[in-house]
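In: dropping the sequence and predicted coords here.
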Amino acid sequence: MPVKQFQHEPEEQTKSFKQALLNNLNNNNSSSIAIIAEIKRRSPSRGDLNAELNPAHIAVAYRDGGASCLSVLTNQTMFSGSIDDLKQAAQASGLPVLRKDFITTTQDVYDSQQMGAAAVLLIVADLLLPTHKGPDLAELHHLALTLGMDALVEVKSSRELEVALAAGAQIIGVNQRAKPKSQTYTMDFQRAERMASLLPDHVVKVAESGIAVTGGTSIATIRQAGYHAALIGEALVTAEDPAMRLRELLAQD
């Protein structure tokens, strides 16, 4: 089937994801972490987190609490997410939104633009699987940028980082979860800190997973390691007052 070429512009609320993270650094004299606040109903390893959440309401709470960007799960099978969740969150908050899903085809990238995403998640490990016969990371990354989106390229090892840099990644996320798709909760809370020195100065550095959860990696640790942003899901989406919880985390930075 031929790839659909969307002729119209992305939805009006789409804004630059990368620029929003950089604006946070400029506004705070490079001393503060930008927060990418995640809207996630459930996870394979933790089960239901906030199954009945209202994406518009929680998006506004995140914005009011100081989030620079949003991350929204659109995968239904493993995370109970939806495209509608992303659209509602983007429209209600006005913040740039990362589409967090298993994006492996050019059609996935076109679809992300169509739904109003400001950025897509590209997982290096998924694109290196022997079973993956589609476009490589460089092609998907180039397409996202050509369509006016950014790409958060996710890595878990030095080898994956080399692939990300060779593909021209501008925003690199270090995922501390050992097996993101596993039903077992496997976390390496020191991975982001260990890999920080491997990330070159020209990329926007994002720490992902296990941030600010009980026993997890602190915001202060992430900042001191040199990261520009932290992607936080569970610690916020399970909070009774997400806006207040976000303000508390930013105050600890």
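Out: Looks like it arrived, so ask away. What you see is a predicted model; the values in this text were computed from it and never measured.

In: do you know the pLDDT at the residue nearest to the spatial centre of the chain?
Out: Centroid-nearest residue in the chain: residue 71, 5.0 Å away (criterion: CA atoms, centre = their mean). pLDDT for residue 71: 97.

In: what pairs with the helix or strand harbouring it, parallel or antiparallel?
Out: According to DSSP states H and E, residue 71 maps onto strand 69-73. Note on strand 69-73: by DSSP bridges, its sheet partners are strand 34-39 (parallel), strand 97-100 (parallel).

In: how about CSV for the ones you listed, with distance to residue 147 and mean pLDDT added?
Out: No exception for glycine: its C-beta is placed from N, CA and C like everyone else's. As requested, the strands paired with strand 69-73 are exported to CSV (distance: least, CB to CB, whole Å; pLDDT from 0 to 100):
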stretch, distance to residue 147, mean pLDDT
strand 34-39, 20, 96
strand 97-100, 12, 98
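
In: tell me, how many residues neighbour residue 134?
Out: 12 (other CB atoms under 10 Å).

In: one more: residue 147?
Out: For residue 147, the count of nearby residues is 16 (other CB under 10 Å).

In: check the gap between the residue nearest to residue 80 when sequence neighbours are not counted and residue 119 for me.
Out: Closest residue in space to residue 80, ignoring its immediate chain neighbours: residue 41 at 4.1 Å, by CB to CB, 6 or more residues apart in numbering. Residue 41 sits at a distance of 20 Å from residue 119 (criterion: CB to CB, to the nearest Å).

In: any chance you could map the helices in the stretch 101-250 of the chain?
Out: Along the stretch 101-250 of the chain, the segments classed as helices by DSSP state H, counting those that start in this stretch run 106-115, 124-127, 137-146, 158-166, 191-195, 219-224, 234-237, 242-252.

In: which one of those helices has the most crowded surroundings?
Out: Comparing the helices of the stretch 101-250 of the chain by mean neighbour count (mean count of other CB atoms under 10 Å), helix 234-237 comes out on top with a mean of 22.

In: quick revisit: is it true that the residue nearest to residue 80 touches residue 73?
Out: Yes - contact criterion CB atoms under 8 Å: residue 41 and residue 73 qualify, at 7.1 Å.

In: output the strands paired with strand 69-73 as TSV; include the columns distance to residue 233.
Out: TSV is the format used below for the strands paired with strand 69-73 (distance: least, CB to CB, whole Å):
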stretch	distance to residue 233
strand 34-39	3
strand 97-100	9
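
In: out of the ones you listed, flag the one nearest residue 140.
Out: Proximity to residue 140 (CB to CB) singles out strand 97-100 among the strands paired with strand 69-73, at 12.5 Å.

In: how far does that closest one sit from its chain's centre?
Out: 6 Å (CA atoms, centre = their mean, to the nearest Å).

In: so what touches that strand?
Out: Under the criterion CB atoms under 8 Å, 6 or more residues apart in numbering, residues 17, 36, 38, 69-75, 81, 86, 89-90, 112, 115-121, 152 lie in contact with strand 97-100.

In: no further questions, thank you.
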